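**Q** Curious how this folds, go ahead:
(chains A and B)
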Amino acid sequence: MDPINFVILAAILFAIGSAAVLLRRNAIVAFMGVELMLNAANLALVAFSRIHGEIDGQVMAFFVMVVAAAEVVVGLAIIIAVFRARQTISLDEPAELKG
Amino acid sequence: MLDLTWLLIAVPLASSLVLLIAGKRTNAWGHWVGVAAAGSTFLVGLGAFIQMLGLDAEERSHAVHLFSWIPGGELNLDAGLLVDPLSITFVLLVSFVGTLIHVYSVAYMEHDPNRRIFFAYLNLFVAAMMLLVLADSYLLLFVGWEGVGLASYLLIGFWNQKPEYATAANKAFVVNRIGDMGLIVAMGLIFAQVGALDFATVFAEAPGLSTATLTAIGITLLIAACGKSAQFPLQSWLGDAMAGPTPVSALIHAATMVTAGVYLIVRSAPIYDGAPAAQTTVAAVGAFTLILGALIGMAKDDIKKALAASTMSQIGYMMLAAGLGPVGYAFAIFHLVTHGFFKAGMFLGAGSVMHGMSDQVDMRRFGALRAAMVTTWVTFGLGWLAILGVPPFSGFWSKDKIIEAAFVGEGVQPWILGGAALIGAGLTAFYMSRLFFMTFHGKARWTDGQHPHESPALMTVPMIILAVGSAFLGLFLALGDSFSHWLEPVTGHAEHHDPVLPIPVIMAATLILVALGAWAAWRRYGAADVPVEAPAGSLATIAARNDFFQDSVNRGVFERPGTHLTRTLVYADAALVDGAVTKQAEGWARTGEVARRTQTGQVRSYALTMLVGLVIVIVVVVLGGL
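**A** Okay, the predicted model is just below:
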């Protein structure tokens, strides 16, 4: 199979993930969208690694996974803290930073 | 004793500080400390004078090194004193007259709660004046110059609970500042040309400088002298300075401080000798002021202001003499000394009259005080004869010499200067006789409840001593030209020049004019009744009464335009400099106001912005780069 198809799939997954981040109010779902975008990027990296026959992309994908794991911990903690404070996890509710 | 002259400055300064710092504890005896300090300066000065008399004329200039004052690369200046015949003359005058006035003040200020502070200021003045005349460099002289200005300011405004007195003090200070600027500029010029400020170096190098430079220095020094000595055009402060207590007027504004300008010019003789134009200007200023002061004196009804106008006029004589060059230097100082005696004596007499008349100063309210105040009448009378120049009293010997010297020269100059001096003598006779007759003769025009009485001995004794000086000092100093020879090491030897008129003619003309002036004054103010209210008077009288509108002129020419200029500058500063900064800041604030709206606080809109931005970047990179 032509490895370029993986790149296209990665682009589709990235679009779905970003749409989830932009369109969903629920913080958990938006968070899942972020994860989807990260994994789409991983898929693209691995696909590029295959296309070029080099290992750099795969190494980079591992890095992304490690960082994503840490990011999940922090992100979920923030969501829980927000929920405790406001009894909601809607992304549209907190607007304290309005200028 | 010559090396101890630093005591002349240190003792009164220390006494002044003690009286000011120790405060009310010294109220009971503080004034005697002040008197003792002043008296000790006279003893030290007398000792130095006697020692100097024992030296040859060439060795009489004695330098006292005090300390290294400003050790700098370019400017290396030591603080030192120059004790020579000129400075010792001033030391003796200031300390002798000063001591007498201190004694007088003990009684005059007896009922003033702040008498101790008054004596502290008087001592401060004596210290500053000593520093002024003993300094061996222009910069140290300037310190004393400012010091006497400060003391003068403090003492004019001594009764500053009256706003107009405080204003008079401010006026004196401000006008003096203009003169001080002249001295600062002169010092700058000297330093730029010579590279030093001590008299020895400056005067040694003065003959080598160009005439233009010397003229510039001479003119700026003249501005300084005009400010301090109340000469035209900086004369306006002296009349108002009479707001101070009368002993202050006698010491500072008649005998000593106001003559500092004459001292400055005589001291700077080597500079003026190379600048004939500056000399002529000095003489012209002196001649003009002597007439101006005399005319003002003729119209004043306030006894102190009339005496102040007279002081202005007499200092005009000294300036005139100082502007004549080596011919006149000695006569300028001679007249300064005799004037110091008779004018201080007359001011003390005026103070005695005020003391007996409940501080009345309007001469139209005096009259017939001869019987009530015999001592004051006699002492004042001797001063009056002296200032008129009646032989053999002091003023005759000094003023007559100046009039003769003014007639020396070529062209029209001796006729103008000599004529002014001659007419001035007649005017002087008129206004001083007017003052004398209005006060002591005629009918009593006292306000109700006045009981004039003679002053206590503490006041009359100094008056008597000064009156004796007024009577005989001139004769004593003129014997064999001893005073001129005494000053010769400083002023240089003057070749004898014959005046354009024979000396007996000048002398006779002077005496006739004096007699005419005195006779006219007797007709109007001695024999005839003097109206209690001042008559409306002619236009000239009104002008002279108002000091020839000097205040209006100053206000119109300097104050108003100055105020407008500063207001314009303040406005320009606010509108342009501040305005530019403010407008810029306002612009940024408005920009921020617009940019603020993009900060919605909505997380998803931020995310959208980021995504759109990213897409734009990618599109640009892809389309532009590949």
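
**Q** Wait, a helix at B:Thr447?
**A** No: for B:Thr447, which was evaluated using DSSP: H, G, I helix; E, B strand; the rest coil, the result is coil, with no helix membership.

**Q** Next one: the nearest residue to B:Arg524 once chain neighbours are set aside from chain A, what distance?
**A** Sequence neighbours aside, B:Arg434 is the residue nearest to B:Arg524 in space, at 7.3 Å (criterion: CB to CB, 6 or more residues apart in numbering or on different chains). (Each C-beta comes from the backbone N, C-alpha and C, glycine too.) As defined by CB to the nearest CB, to the nearest Å, B:Arg434 lies at a distance of 86 Å from chain A.

**Q** how about whichever helix or strand B:Arg434 is part of: buried residues?
**A** In the assignment (DSSP states H and E), B:Arg434 maps to helix B:413-440. Residues of helix B:413-440 classed as buried under the neighbour-count rule (16 or more other CB atoms under 10 Å in any protein chain shown) are B:413-414, B:417-440.

**Q** Give the buried residues for stretch B:130-146.
**A** With burial defined by 16+ other CB under 10 Å, the residues of stretch B:130-146 counted as buried are B:130-142, B:144-146.

**Q** thought the residue nearest to B:Arg524 was touching B:Ala521?
**A** Yes: using CB atoms under 8 Å, B:Arg434 is in contact with B:Ala521, at 4.4 Å.

**Q** So, low pLDDT: which residues of the chain?
**A** Because you didn't say which chain, this covers chain A. The model of chain A has pLDDT under 70 over residues A:94, A:97, A:99.

**Q** wait, chain B
**A** Where chain B drops to pLDDT under 70, the residues are B:626.

**Q** per-domain residue ranges of it.
**A** Under the assignment automatic domain parsing, the domains of chain B span B:1-267, B:275-366+B:376-535.

**Q** can you give me the end-to-end distance of the longest one?
**A** Distance across domain B:1-267, first residue to last, is 23 Å (CA to CA, to the nearest Å).

**Q** mind checking how far it is from the chain centre?
**A** Here domain B:1-267 shows a centroid-to-chain-centroid distance of 10 Å under the convention CA atoms, centre = their mean, to the nearest Å.

**Q** now do the last one
**A** Using CA atoms, centre = their mean, we find the averaged C-alpha position of domain B:275-366+B:376-535 to lie 17 Å away from the chain's own average C-alpha position.

**Q** Assign residue 95 to helix, strand or coil.
**A** Using chain A here. At A:Ala95 the chain is in coil, as set by three-state DSSP.

**Q** what's the nearest residue to it if we skip its chain neighbours?
**A** The shortest distance from A:Ala95 to any residue that is not its chain neighbour, by CB to CB, 6+ apart, is 3.4 Å, and that residue is B:Gly601.

**Q** measure the one you found to B:Gly613 for me?
**A** Taking CB to CB, to the nearest Å as the measure, B:Gly601 and B:Gly613 are separated by 18 Å.

**Q** Also B:Gly286?
**A** In this view, B:Gly286 and B:Gly613 are 87 Å apart by CB to CB.

**Q** What about A:Leu91? Give its phi and psi, please.
**A** A:Leu91 adopts backbone torsions of phi -80, psi -20, taken as degrees, to the nearest 10.
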